[in-house]
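>>> The following block contains a protein sequence and its predicted model.
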Amino acid sequence: MEQKTLSVIERTEFKKGPAKKLRSEGLIPAVVYGHTDPLHIAVNAIEFGKKFRVVTENTIIKLELGGKTIEVLVKDIDEDIVTETIKHIDFFEFEQGKTLKTRVPIHLVGNSAGAKEGGAVEQKLHELEIECLPKDLPEAIEIDITSLGMGDSIHVSQVPLEDGVKFLNSETQTVVVITSPKAAVVETEDEGEDEAAEEGTAE
């Protein structure tokens with residue numbers, strides 16, 4: 001998969017005051033965890049925003065720090081929902097040649113036969129937890145739903161495995177199901193009856 005680089009600087013002060021000062025200078029405080037001691041760094045906010053508009057746990061990033069390259073995944077982003085700015089980033093450093101555990105998004109492809117008949121496509125899982133070597137890390141897991149008819153579903157056990165990739169989810173978990181419009185109507189009617197019964201009891 002595609003790898004992107006990001007220039008970072010090391011920081012030596014970790015309290016709220018210095019972190020606030022970094023943000024005012026257009027930098028994002030961050031920490032790199034992994035098989036070595038935690039490394040405290042700062043990331044240029046503009047560069048990060050341009051290169052990583054969408055960041056998932058399977059996005060491999062090469063951090064460039066003083067002539068050294070550190071390969072990491074993003075494990076957590078602390079974002080201010082009011083200002084829509086990133087306050088802090090947690091990176092995870094992995095080792096080449098050793099398996100890693102992360103999550104990969106699921107992309108459904110195709111137009112199911114059941115949907116063409118009026119059914120609804122309900123995606124129950126939007127990502128899968130996997131284990132693999134860094135070199136085998138997929139960008140996404142595609143599932144073709146073209147052949148799914150009304151009432152059909154796909155479970156984790158039925159998702160095609162790529163070479164070197166192991167799923168960690170329960171095999172019985174439902175990934176996607178095609179629901180019947182009738183089922184949705186019955187469910188709505190039942191809810192209405194329950195509400196009417198509750199109102200009668202209250203009176």
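Thanks, I have it.
>>> in the protein, which ranges drop under the pLDDT threshold?
1-2, 182-203 (pLDDT under 70).
>>> would you list every one of the helices in it?
Taking DSSP state H as the criterion, the chain contains helices spanning 16-24, 45-51, 113-116, 181-202.
>>> can you list the domains in this protein?
Domain assignment for the chain by automatic domain parsing gives 4-93, 100-202.
>>> Adding mean neighbour count, write the ones you listed out as CSV.
For the C-beta atoms, the positions are set from N, CA and C on the backbone; glycine is no exception. Shown next, in CSV, are those (neighbours: other Cβ atoms under 10 Å):
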stretch, mean neighbour count
domain 4-93, 15
domain 100-202, 14
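>>> List phi and psi for the most centrally placed residue in the chain.
In the chain, the residue lying closest to the centroid (Cα atoms, centre = their mean) is residue 56, at 4.6 Å. When read as degrees, to the nearest 10, the backbone of residue 56 gives phi -120, psi 170.
>>> can you pull the contacts of the nearest residue to it once chain neighbours are set aside?
In space, and not counting its chain neighbours, residue 56 is closest to residue 105: 5.8 Å by Cβ to Cβ, 6 or more residues apart in numbering. Neighbouring residues of residue 105 by Cβ atoms under 8 Å, 6 or more residues apart in numbering: 56, 58, 126, 127, 140, 141.
>>> which residues of this structure fall in strands?
All strands of the chain, identified by DSSP state E, fall at 4-10, 27-33, 39-44, 60-65, 68-80, 85-93, 100-109, 120-123, 127-132, 141-144, 153-155, 166-167, 174-179.
>>> And those strands: which comes nearest residue 18?
For the strands of the chain, proximity to residue 18 was assessed by Cβ to Cβ; strand 27-33 is nearest, at 8.2 Å.
>>> Just the C-alpha atoms of that closest one, please, in CSV.
Provided in CSV are the C-alpha atoms of strand 27-33 (Å, rounded to 0.1, in the frame of the first residue of the first chain):
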residue,chain,number,x,y,z
LEU,A,27,2.3,22.4,15.5
ILE,A,28,0.5,19.3,16.8
PRO,A,29,1.9,17.6,19.9
ALA,A,30,2.2,13.9,19.4
VAL,A,31,3.7,10.7,21.0
VAL,A,32,5.2,7.6,19.3
TYR,A,33,4.6,4.4,21.2
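>>> centre of the chain versus it, how much separation?
When C-alpha coordinates are averaged (Cα atoms, centre = their mean, to the nearest Å), strand 27-33 and its chain have centres 19 Å apart.
>>> go on, stretch 53-71?
Here the centre of stretch 53-71 is set off from its chain's centre by 16 Å, with Cα atoms, centre = their mean.
>>> What is the end-to-end distance of it?
Taking Cα to Cα, to the nearest Å, the first and last residues of stretch 53-71 lie 19 Å apart.
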